[in-house]
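Enquirer: generate coordinates for the sequence data below:
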Amino acid sequence: MPEPSESAKIALPPRRGRRRGSKRPFSTQLESATLARLDWIVNQGYVLTDTVDAAINAYLDAAGVPRPDAEGNMPDSSPEGTR
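Expert: Presented below is the predicted three-dimensional model:
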């Protein structure tokens, strides 16, 4: 895990009311320290699901994972030369 000074800086999503849209349930286990940081974010008035979604997307973007198209389809993931 990178030190805070090495971590990418991203803007928190705006504070707003709940909206469902295209959201689907997602469940995982997190370290206690991570949960404490998320609790802090919520106490600042931010929406947990929007914050986690923004953080995961920032991580996936940095890792070079492509985004789906407008219909939600991912690009072909076959490595070059294995088709």
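
Enquirer: so who does Leu30 touch?
Expert: By C-beta atoms under 8 Å, 6 or more residues apart in numbering, the contact list for Leu30 reads Leu38. Where you see a C-beta, it was placed from the backbone N, CA and C, and this is true even at glycine.

Enquirer: which pLDDT value belongs to the residue nearest in space to the middle of the chain?
Expert: Geometric centre of the chain, nearest residue: Ile56, 1.9 Å, by C-alpha atoms, centre = their mean. Note on Ile56: pLDDT of 95.

Enquirer: from Asp76, how far out is it?
Expert: To Asp76, Ile56 is 22 Å away according to C-beta to C-beta, to the nearest Å.

Enquirer: same check, this time on Val47
Expert: Distance, Val47 to Asp76, using C-beta to C-beta: 34 Å.

Enquirer: neighbour-wise, which of these two wins?
Expert: Val47 (19 against 8; other C-beta atoms under 10 Å).

Enquirer: got a pLDDT number for that one?
Expert: 92.

Enquirer: my guess is it meets Lys23, correct?
Expert: No. Here Val47 lies out of contact with Lys23, judged by C-beta atoms under 8 Å, at a distance of 10.9 Å.

Enquirer: quick one: contacts for Val65?
Expert: Per C-beta under 8 Å, 6+ apart, neighbours of Val65: none.

Enquirer: what does the model give it for pLDDT?
Expert: You'll see Val65 listed with a pLDDT of 96.
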